[in-house]
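Asks: Build me a structure from this.
(one chain, ligands or ions: 1)
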Amino acid sequence: RTRVVVLVSGTGSLCAALLDAADDPAYPADVVAVGADREAPGLEHARRRDLPTFVCRLGDHPDRVAWDRALAGAIAAHRPDLVVSAGFMKLVGPAVLDAFGGRLLNTHPALLPAFPGAHAVRDALAAGAAVTGSTVHWVDAGMDTGPVIAQREVPVLPGDDEGRLHERIKAVERTLLVDTVARLAADPPSTRTPRETPR
Ligand code: GAR
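Replies: Here you go, the predicted model:
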């Protein structure tokens with residue numbers, strides 16, 4: 001089975017969905033560790049299952065370069081085939097990209113390239129979008145700029161506020177992420193063409 005390390009910063013409901021899916025022996029991937037950049041509530045999903053966790057805080061390192069190197073090392077210790085950034089709210093740097101580029105994916109609560117950045121749901125509402133959604137994409141050095149792997153639409157409903165809309169998007173993201181990881185696990189990076197695995 002494909003080994004997956006998940007990175008979180010918040011509640012980790014997407015991570016929990018992946019852990020639940022991986023409980024099924026027919027699912028082609030295992031979550032082998034969950035990491036965070038802070039003492040994130042999402043780490044509990046792994047601790048409850050006695051899975052390894054790690055916390056790599058920016059503030060514990062002299063600078064971003066050292067933090068990025070430490071994060072790359074912490075991830076590598078679990079020998080992942082895929083790394084999933086699921087609500088991980090920091091941009092990774094060259095050490096993580098060198099080690100895991102083409103194997104590192106991110107979920108984003110909008111239909112990229114629309115509404116990149118940390119406030120995608122708020123920005124979609126402010127722009128009066130009728131439809132937004134979720135994107136799973138490969139991570140590159142930019143902010144939410146890497147090649148799109150899968151997307152699913154979510155309509156904006158009358159009376160939506162940021163919280164309600166984000167919860168409906170997250171419900172879609174959970175199945176989109178579980179489905180996408182299963183698809184990638186059945187088609188490991190080594191068999192994909194270079195064009196599909198940009199760094
Ligand atoms: C998800 O909506 C994910 O797409 C988003 O954070 C949420 C995490 O939810 N990620 C980003 O905004 C990354 N820029 P969770 O903590 O409940 O899994």
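
Asks: Going by C-alpha atoms from here, please, whenever you check contacts or count neighbours.
Replies: OK.

Asks: Run through the residues of the protein sitting next to the ligand.
Replies: Applying CA under 6 Å from any ligand atom, we find that the chain lies next to the ligand at 10-15, 86-89, 107-109, 117-118, 170.

Asks: Which other helices and strands does the lengthiest helix in the chain contact?
Replies: Identified as the longest helix of the chain according to DSSP state H is helix 162-185. Counting contacts by 3 or more CA pairs under 8 Å, 6 or more residues apart in numbering; DSSP states H and E, helix 162-185 is packed against helix 13-22, strand 29-36, helix 120-126, strand 131-138, strand 148-155.

Asks: Select, out of these, the one closest to Arg3.
Replies: Among those, strand 29-36 comes nearest to Arg3, with 5.2 Å by CA to CA.

Asks: neighbouring strands for that closest one, and are they parallel or not?
Replies: In the sheet, strand 29-36 lines up against strand 2-8 (parallel), strand 53-55 (parallel) (DSSP bridges).

Asks: closest one to Gln151 among those?
Replies: Gln151 lies closest, by CA to CA, to one member of these: strand 2-8, at 19.4 Å.

Asks: which parts of that closest one are buried?
Replies: 2-8 (16 or more other CA atoms under 10 Å).

Asks: ditto for stretch 5-20
Replies: By neighbour count on 16+ other CA under 10 Å, the buried set for stretch 5-20 is 5-19.

Asks: give me the low-pLDDT residue ranges for the protein?
Replies: Within the chain, the ranges that satisfy pLDDT under 70 run 188-199.

Asks: Please repeat the previous calculation with a cut-off of 50.
Replies: For the chain, the stretches with pLDDT under 50 are 191, 193-199.
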